[in-house]
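A.B. asks: what's the 3D shape of this:
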Amino acid sequence: MNRRFLLRLAALGAGLALHAAAPARAEQRKIDVEAILNDPAAPVGGNPKGDVTIVAFFDYNCPFCKKATPELEKLVRTDGHIRLVYKDWPILTEASVYGAHLALAAEYQGKYERVHDALMAVPGRRNGEDAMLAAVKGSGVDMDRLKADLKTHEADISALIKRNNDQAQALGLEGTPVFLIGPFKVAAALNYDEFKKVVAQVRAAQNGH
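C.D. replies: Below is the predicted model of the structure:
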């Protein structure tokens, strides 16, 4: 593991208030750890009772996010004890915002991860709304229900994306992807073995080793 990708976050999992580095803006950027880890509106994958939580900040037009996503999902699937919190953070293009809205609307029919995977599988780094919509249509979701949920829950979806953005800014994140893994902030597209090593470090620390 290349340690330059690992930056310590003090007491991330302890429910304590953390502050961003800039002291002049500390009060405005206080970090609500509980909100990051347990926002009831944020989609959650993996084992909801897992012993390690991974919080993933991503953009559907980020090529590094697309590279890391199957590696992370492989780890979540094979490990069986990881709780994965999805933080849609569309910062690259307007189409990224559109994609995030589509994915989060799919959560209302229990198919967020299906749409998430479909959007991450779209090749390229500057995909427009048409390409994203085509990918979602091909994912097997109920499109009539999706369109209805987009309209009905527009305010809630926008509010969630704003909370994700506020959290990312409070954490001082500068781009995607970023993975919060236990006490580590990993700003890199890790592969399966690298994700696995970080999770092992977290578990060792939790067990007092």
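
A.B. asks: which non-adjacent residue is nearest the residue most central in space within the chain?
C.D. replies: The centre of the chain sits closest to residue 56, judged by CA atoms, centre = their mean, with a distance of 2.8 Å. Among residues not flanking residue 56 along the chain, residue 179 sits closest, at 5.4 Å (CB to CB, 6 or more residues apart in numbering). Backbone N, C-alpha and C define where each C-beta goes, glycine included.

A.B. asks: that neighbour reaches residue 75, doesn't it?
C.D. replies: No: contact criterion CB atoms under 8 Å: residue 179 and residue 75 do not qualify, at 10.7 Å.

A.B. asks: output the contacting helices and strands for the host helix or strand of residue 116.
C.D. replies: Assessed by DSSP states H and E, residue 116 sits inside helix 112-120. Contacts defined by 3 or more CB pairs under 8 Å, 6 or more residues apart in numbering; DSSP states H and E place helix 112-120 against helix 63-79, helix 94-106, helix 129-137.

A.B. asks: out of these, nearest to residue 41?
C.D. replies: Of all these, it is helix 94-106 that lies closest to residue 41, at 8.2 Å by CB to CB.

A.B. asks: partner strands of the helix or strand hosting the residue nearest to residue 56, with direction?
C.D. replies: Assigned by DSSP H and E, residue 179 belongs to strand 178-181. Partners of strand 178-181 in the sheet, by DSSP bridges, are strand 52-58 (antiparallel), strand 184-186 (antiparallel).

A.B. asks: and for the next helix or strand after the shortest one, what are the contacting residues?
C.D. replies: The C-terminal neighbour of strand 184-186 among helices and strands, as given by DSSP H and E, is helix 192-206. Residues from elsewhere that reach helix 192-206 (CB atoms under 8 Å, 6 or more residues apart in numbering): 1, 6, 51-52, 54, 71-72, 74-75, 79, 82, 179, 181-184, 186, 190.

A.B. asks: quick check on the residues you listed: which are buried?
C.D. replies: 1, 6, 52, 54, 71-72, 75, 79, 82, 179, 181-184, 186, 190 (16 or more other CB atoms under 10 Å).

A.B. asks: and those, which two are furthest apart?
C.D. replies: Spatial extent of the buried ones among the contacts of helix 192-206 (CB to CB) is set by the pair 71 and 183 at 20.9 Å.
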